[in-house]
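>>> just coords:
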Ligand SMILES: Cc1cc2nc3c(=O)[nH]c(=O)nc-3n(C[C@H](O)[C@H](O)[C@H](O)COP(=O)(O)OP(=O)(O)OC[C@H]3O[C@@H](n4cnc5c(N)ncnc54)[C@H](O)[C@@H]3O)c2cc1C
């Protein structure tokens, strides 16, 4: 009857070591610094430096997590990092968006040239930014207005336009910027470019003031006749021309390639949301055991105990969806029901609900900055908005399960 089917959910030794190592850093370095950097609303460079020193911030770390055949290493690391703090977690992971774009679309030469410049080194860490969203093109990626025009005589690209809400925008050493090469092809006519350090014409606005993730820098970025050598086009001109030709000559059946890229990155983002949710749940659980009202710990009331039971169950359910999608992505299983979207949708909504419940369980104390659940509640909300809003995830799932053009 063929080979025995094996299935287990235990982490292997490498994975549990990774979890414990990242957790240690989150507990000892990130959590104690979280309130300060949230208040300051600044990039926590000293924390980044610490992370770089121990090898938690850098390409090698990312490659190690990406190369795990189960797909679980990155979600495991992200959950622990964001358990420490959402804002600092994002300050540490924001660079990986740009690195993933270079890794995914760049040539090996581009990878070698640019990735080290994204991270800098332990003495002088740097960050990178991935700039895709625009004022008129968020969920509607195809509406992108930034243009990239090629000048054959000089082998140069000239980029112009405006990017919005870029994590690390303007303070990054390396920016990866998307722009439309052929607007008639919609999202299939877009390409990604590396903008090297110090390039003229790329200007970031001052840091945007946010509800949460305040230690992470977010800014708009202007592209004013940014001139780039041909070598800055990720993947190279030949590959772009082939792709554009295919898009011009083929029916628009395969948005699927781009969709798959998004589906692949979503579980890692979902894991960040789970980390924030778990931090809030654990804090509320301890508080409920110690806080006395009406002569007994508040957890002895079912209203509180059942809320905590639900919080734990929802976090575990979300994690299973995240792990499934991460495993599917790594093992090239087709996302026939939008499983990547499911994982991020569930995790984001669980993070919002769980952190809100945690504030409620702490009562008045939950509303104060003295307790971390107030910050976690603010930090969680972004997870129903960026990397595809909850509505967009539902569109992906409903289209996948129905095969219909749901709007
Ligand atoms: C802190 C932060 C960091 C970010 N970092 C980055 C980054 O590093 N790089 C980057 O490129 N972008 C980044 N973004 C941008 C983010 O990805 C976008 O904000 C997000 O994709 C939503 O786009 P939008 O803001 O234009 O909203 P809109 O697209 O204007 O959506 C507004 C509302 O309409 C809903 N909606 C839109 N279309 C539909 C539809 N067809 N059906 C149902 N509902 C719909 C949406 O779900 C949403 O509720 C960041 C944003 C923030 C706030």
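Arrived safely. All values derive from a computational prediction rather than experimental measurement. Numbering: from 1, shown residues only.

>>> residue closest to the middle of this structure?
In the chain, the centroid-proximal residue (C-alpha atoms, centre = their mean) is residue 269; its distance is 4.4 Å.

>>> please give me every residue in contact with it.
78, 344, 347, 383, 386, 387 (C-beta atoms under 8 Å, 6 or more residues apart in numbering). For glycine as for every other residue, the C-beta is placed from the backbone atoms N, C-alpha and C.

>>> before we move on, what about residue 27?
Listed by C-beta under 8 Å, 6+ apart, the contact set of residue 27 reads residue 84.

>>> what pLDDT is listed against it?
As predicted, residue 27 sits at a pLDDT of 98.

>>> 498 is where my numbering starts, stick with that
Done: numbering now begins at 498, and the last item shifts to residue 524.

>>> next, it: phi, psi?
When quoted as degrees, to the nearest 10, the phi and psi of residue 524 stand at phi -70, psi -40.

>>> narrow the contacts of residue 766 to just the buried residues.
Neighbour counting by 16 or more other C-beta atoms under 10 Å classes 575, 841, 844, 880, 883, 884 among the contacts of residue 766 as buried.

>>> possible to save these as a markdown table with pLDDT, distance to the ligand and secondary structure?
Shown next, in a markdown table, are those (pLDDT from 0 to 100; distance: C-beta to the nearest ligand atom, whole Å; DSSP: H, G, I helix; E, B strand; the rest coil):
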| residue | pLDDT | distance to the ligand | secondary structure |
| --- | --- | --- | --- |
| 575 | 98 | 16 | helix |
| 841 | 98 | 12 | helix |
| 844 | 98 | 16 | helix |
| 880 | 98 | 10 | helix |
| 883 | 97 | 4 | coil |
| 884 | 94 | 6 | coil |
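
>>> tell me the helix or strand right after the helix or strand encompassing residue 854.
Per DSSP states H and E: residue 854 is located in helix 836-859. Once helix 836-859 ends, the next helix or strand along the chain (criterion: DSSP H and E) is helix 869-877.

>>> by contact count, what packs against the helix or strand that that next one is followed by?
Once the chain leaves helix 869-877, the next helix or strand it forms, by DSSP H and E, is helix 887-899. Where contact means 3 or more C-beta pairs under 8 Å, 6 or more residues apart in numbering; DSSP states H and E, helix 887-899 is packed against helix 753-787, helix 836-859.

>>> and the first one, what's buried?
Think helix 753-787. Neighbour-count burial for helix 753-787, with 16+ other C-beta under 10 Å as criterion, is recorded at 756, 759-778, 780-782, 784-785.

>>> same deal with stretch 639-648?
641, 643, 645, 647.

>>> and it, how far from the chain's centre?
Counting by C-alpha atoms, centre = their mean, to the nearest Å, stretch 639-648 is centred 24 Å from the centre of its parent chain.

>>> contacts only, for the residue of the stretch 598-747 of the chain found nearest the ligand.
Among the residues of the stretch 598-747 of the chain, residue 635 lies closest to the ligand, at 1.7 Å counting by C-beta to the nearest ligand atom. Shown in contact with residue 635 (C-beta under 8 Å, 6+ apart): 661, 662.

>>> what's the answer for the one 4 residues further on, then?
With contact set as C-beta under 8 Å, 6+ apart, residue 639 has these partners: 683, 684.

>>> now do the SS call for it.
Put simply, residue 639 is helix when judged by DSSP: H, G, I helix; E, B strand; the rest coil.

>>> residue 795 contacts residue 782, correct?
No - Residue 795 is beyond contact range of residue 782, at 11.1 Å (criterion: C-beta atoms under 8 Å).

>>> check the gap between the closest residue in space to residue 721 that isn't next to it in sequence and residue 731 for me.
Nearest residue to residue 721 in three dimensions, chain neighbours excluded: residue 698, at 4.6 Å (C-beta to C-beta, 6 or more residues apart in numbering). According to C-beta to C-beta, to the nearest Å, residue 698 and residue 731 sit 19 Å apart.

>>> and those two? Which one has more around it.
residue 731 (23 against 15; other C-beta atoms under 10 Å).

>>> so that one makes contact with residue 678?
No - between residue 731 and residue 678 there is no contact under C-beta under 8 Å: 12.0 Å.

>>> list the buried ones in the helix holding residue 854?
Within helix 836-859, the residues that count as buried by 16+ other C-beta under 10 Å are 836-849, 851-859.

>>> got it, and stretch 886-896?
For stretch 886-896, the neighbour count (16+ other C-beta under 10 Å) marks 887, 889, 890, 891, 892, 893, 894, 896 as buried.

>>> got a pLDDT number for the residue of the stretch 598-747 of the chain closest to the ligand?
Predicted confidence (pLDDT) for residue 635: 94.

>>> so what does it have for phi and psi?
Per degrees, to the nearest 10, the backbone of residue 635 is at phi -110, psi -90.

>>> contact residues of this protein facing the ligand?
Listed as neighbours of the ligand in the chain under the rule C-beta under 6 Å from any ligand atom: 594, 627-630, 635-637, 662-664, 707, 710, 715, 879, 882-883, 886, 888-889, 892.

>>> which among these count as buried?
594, 627-630, 635, 662-664, 707, 710, 715, 879, 882-883, 889, 892.

>>> re earlier: what's the most distant pair in the buried ones among the contacts of residue 766?
The largest separation in the buried ones among the contacts of residue 766, counting by C-beta to C-beta, is between 575 and 883 at 14.4 Å.

>>> quick check: the gap between the residue nearest to residue 542 when sequence neighbours are not counted and residue 794.
Using C-beta to C-beta, 6+ apart and skipping residues adjacent in sequence, the residue nearest residue 542 is residue 622, 7.0 Å away. As judged by C-beta to C-beta, residue 622 and residue 794 stand 44 Å apart.

>>> pick out whichever of the two has more residues nearby.
Neighbours were counted for residue 622 and for residue 794 using other C-beta under 10 Å; residue 622 has more, 23 against 16.

>>> so residue 618 is in contact with residue 549, correct?
Yes - counting by C-beta under 8 Å, residue 618 does reach residue 549; the two are 6.9 Å apart.

>>> these two: who's more crowded?
Set side by side, residue 618 and residue 549 show more neighbours around residue 549, with 21 against 12, by other C-beta under 10 Å.
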